[in-house]
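Visitor: 3D model of this:
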Amino acid sequence: MANIQTLDPNASPLDYYGWELRRQREAHSLKQGQLGDIIFCTGSLIGQIETTKKIPTRDFSERVDAALGTDGVFSRLVGLVLRSQLPTWFQPYADMEAKAAYISTYQAQLVYGLLQTEEYARAVLATGMPDDLENQVAARIERQRILERERPPLAWAVLDEAALRRPIGGREVMRRQLLRLLEFTDHRWMRIQVLPFAAGEHASLDGAFTTMRFESDPDIVYTEDIVSGHMTASPDTVREAALRYAHLQAAALSVEDSAALITRVMEECYGDRPRPEERAVA
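Guide: Next comes the predicted model:
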């Protein structure tokens, strides 16, 4: 069993979180069980997080901040901890994504990561058979917080119709996922278009890609292969990606017609149309 005193707080965000949690707890003269009682969890969970055996959640972090009066320290730290759980090759992209002012993405097979429900994300990530599935799910959901900022990036997603009809996780998971997409129909910062099968051949048959623009840094194009991701700021690649994306948007359905298609797929493939009370605006 790791001893918290031997943890190097500089070793990783998780090590620092555990080290700081014990430091703050002891500064308040609380035993693990006592803190657990205050924030409605077990002392064992406190110990596991202090010794990096367990990844803290955002809810846990917010409760610790409230209990210890730490002015949001753990709520801020948990974002770094969860991001550190992303695959190493993906972390540079996540860092850039969090800084982007504008994101445009084409997804050929799957719903875009920032739009995935937790259940859908779990089913997708499970295909890689990771040892730390729940940590990866939590990290993916944490990425979505950029859409909740006071000034989020302007984002545009073109989804191939295949992403709507591929039954990831089963009927109920897909129904809730498509309902999630419909919540963005009138969203101010996120727009979703669907590229229908009827479009036939199109400008990105080679696969998915994402372009990010920044306030002061060069544009970046991101692509993935079966084992890793690749970012480039090459002006020629950025220009080619912009041209392809313009063609994709032109071939895709309008935002309104895309929502109608999503609704139709829900009815045809996953049970029924969304009920009125489910069509809340994101």
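Visitor: mean confidence for stretch 32-47?
Guide: Confidence for stretch 32-47, expressed as mean pLDDT, is 96.
Visitor: likewise for stretch 245-258?
Guide: Taken as a whole, stretch 245-258 has an average pLDDT of 97.
Visitor: and the end-to-end length of it?
Guide: Length of stretch 245-258, first residue to last, CA to CA, to the nearest Å: 17 Å.
Visitor: got the contact list for that stretch?
Guide: If you take CB atoms under 8 Å, 6 or more residues apart in numbering as the criterion, stretch 245-258 is touched by 104, 106, 156, 158, 185, 191-196, 199, 202-204, 211, 261. C-beta here means a position set from N, CA and C on the backbone, and glycine is covered the same way.
Visitor: do a quick rundown of the strands in the stretch 1-150 of the chain.
Guide: 102-107 (DSSP state E, counting those that start in this stretch).
Visitor: any of the contacts of stretch 245-258 buried? List them.
Guide: Among those, those classed as buried by 16 or more other CB atoms under 10 Å are 104, 106, 156, 158, 185, 191-196, 199, 202-204, 211.
Visitor: please flag which of those residues sit within strands.
Guide: In strands, defined here by DSSP state E, the members of these are 104, 106, 156, 158, 191-195, 211.
Visitor: among those residues, which two are most distant?
Guide: By the measure CB to CB, 194 and 211 form the most distant pair in those, at 18.8 Å.
Visitor: list the buried residues of stretch 65-77.
Guide: Within stretch 65-77, the residues scored as buried using 16+ other CB under 10 Å are 65, 67-68, 70, 73-75, 77.
Visitor: surely residue 96 meets residue 231?
Guide: Yes: between residue 96 and residue 231 a contact is recorded at 7.0 Å, counting by CB atoms under 8 Å.
Visitor: neighbour count winner among these two?
Guide: Comparing residue 96 with residue 231 by other CB atoms under 10 Å, the one with more neighbours is residue 96, at 17 against 13.
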